[in-house]
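K.L.:
no FASTA, just this:
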């Protein structure tokens, strides 16, 4: 549900003028995110792009990665997810160590530097089959198995792991921090309403916003460079989007650890419960990105290019400065029907918009040389892959 109540032109103009003076509040952001297509949206996007250009210049980054879906078993049943499976369901699998290392090694040969680990949330909590699989692998929890695989990928292939495993407690974060220069967890939304019966998170015990915010905050306390973001179009209101952006900003102001904020748009799929749910329009996505840029200021803002089909360069005009991870080897297992653009084509189309595409590592440049944000055992590994600028070495 999106509340599209229009605001007066004067109200929009006042909110935009205040923003240009460096003042953006929840109230003004709530006004701006209701920008109407035409002059209002054009003005909003221009203001966001101007801020992005001041901070990032004409550079747009990406990370060359392999996508490793360690397990797609998951105890959450989100209404929009095609990735998760139950044991015995077609396509259900947990990768073996040999399979993980095989993908990582193939990626390393292609020049990839990131190994993105995505996996279901605590499947062992409800599936005895997963507990049996973990026991055969010498582990009690999925997060313990993940830690072993991150360590082996790092040590045996040189790729930098970036774990995105769902909720994590302090102990698990501390363990994973030894092998992951960066980690991630999508906030998705701060709306508790989305957990009510009939809503997309009503059967997802790991999706209450307070739990996800707790993990992101714990990562901040541990000085872990962290990726998060919001998922738009799943039933949240526009004001709830704004609330989510401010929650992320407030955590970053407190701990300084949010390296990237993804503004991801819902895409309907025939196999999901929300197959008939309307998708956000490109204009809705663009104005949300623009407001995110204005709320988040100098933080890195990303939108996945494959989820905007062939129109993705348009989103540069709304203020993003990163395309996220792009793989020359593996598909997007979360959205398998949406292939990533080829990196050469991505560079060409980014250049048409007036930007230079630059490869980064899984950890953003601003964190590469900050000692407190890297485990001591990882620092030299990361910096051998980084140029003096903190971006990825490309030769």
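P.N.:
Structure received. Computed from a predicted model, the values in this text were never measured in an experiment.

K.L.:
Okay, strands next: where are they in the stretch 151-300 of the chain?
P.N.:
Applying DSSP state E, counting those that start in this stretch to the stretch 151-300 of the chain gives strands spanning 160-164, 182-184, 226-232, 258-265.

K.L.:
can you list contacts of the second one?
P.N.:
Counting by C-beta atoms under 8 Å, 6 or more residues apart in numbering, the neighbours of strand 182-184 from elsewhere in the structure are 160, 162-164, 168, 173, 176-177, 219, 224-228, 259-260, 362-364, 367. The C-beta positions use only the backbone N, C-alpha and C, and glycine is treated the same way.

K.L.:
now those residues: which count as buried?
P.N.:
160, 162-164, 168, 173, 176-177, 219, 224-228, 259-260, 362-364, 367 (16 or more other C-beta atoms under 10 Å).

K.L.:
Please identify the buried residues of stretch 52-60?
P.N.:
Those would be 52, 55-56, 59-60, for stretch 52-60 by 16+ other C-beta under 10 Å.

K.L.:
mind checking the end-to-end distance for that stretch?
P.N.:
Start-to-end span of stretch 52-60 (C-alpha to C-alpha, to the nearest Å) is 10 Å.

K.L.:
Repeat that for stretch 377-391.
P.N.:
First-to-last residue span, stretch 377-391, C-alpha to C-alpha: 20 Å.

K.L.:
So which residues of the stretch 151-300 of the chain form helices?
P.N.:
In the stretch 151-300 of the chain, helices defined by DSSP state H, counting those that start in this stretch lie at 170-177, 209-221, 238-255, 282-296, listed in chain order.

K.L.:
So for residue 358, which of those helices sits nearest?
P.N.:
helix 282-296 (18.6 Å; C-beta to C-beta).

K.L.:
what's the closest one packed up against?
P.N.:
helix 26-32, helix 39-56, strand 226-232, helix 238-255, strand 258-265, strand 301-302 (3 or more C-beta pairs under 8 Å, 6 or more residues apart in numbering; DSSP states H and E).

K.L.:
how about the ones you listed, which one is nearest residue 109?
P.N.:
Residue 109 lies closest, by C-beta to C-beta, to one member of the helices and strands packed on helix 282-296: strand 226-232, at 25.6 Å.

K.L.:
Show me what that closest one is packed against.
P.N.:
Using 3+ C-beta pairs under 8 Å, 6+ apart: strand 226-232 touches strand 182-184, helix 209-221, helix 238-255, strand 258-265, helix 282-296.

K.L.:
which one of these is the most hemmed in?
P.N.:
Compared across the helices and strands packed on strand 226-232, strand 182-184 shows the largest average neighbour count, a mean of 27 (mean count of other C-beta atoms under 10 Å).

K.L.:
Check the offset of that one from the chain's centre.
P.N.:
Relative to the centre of its chain, strand 182-184 is centred 9 Å away, using C-alpha atoms, centre = their mean, to the nearest Å.

K.L.:
In contact with the nearest residue to residue 315 once chain neighbours are set aside, which residues?
P.N.:
What sits nearest to residue 315 in space, not counting adjacent residues and going by C-beta to C-beta, 6 or more residues apart in numbering, is residue 303, at 4.9 Å. Going by C-beta under 8 Å, 6+ apart, residue 303 touches 262-265, 285, 289, 312, 315, 320, 323-324.

K.L.:
I'd like to know which of those residues is nearest to residue 31.
P.N.:
Checking the contacts of residue 303 one by one against residue 31 (C-beta to C-beta), the nearest turns out to be residue 289, at 16.5 Å.
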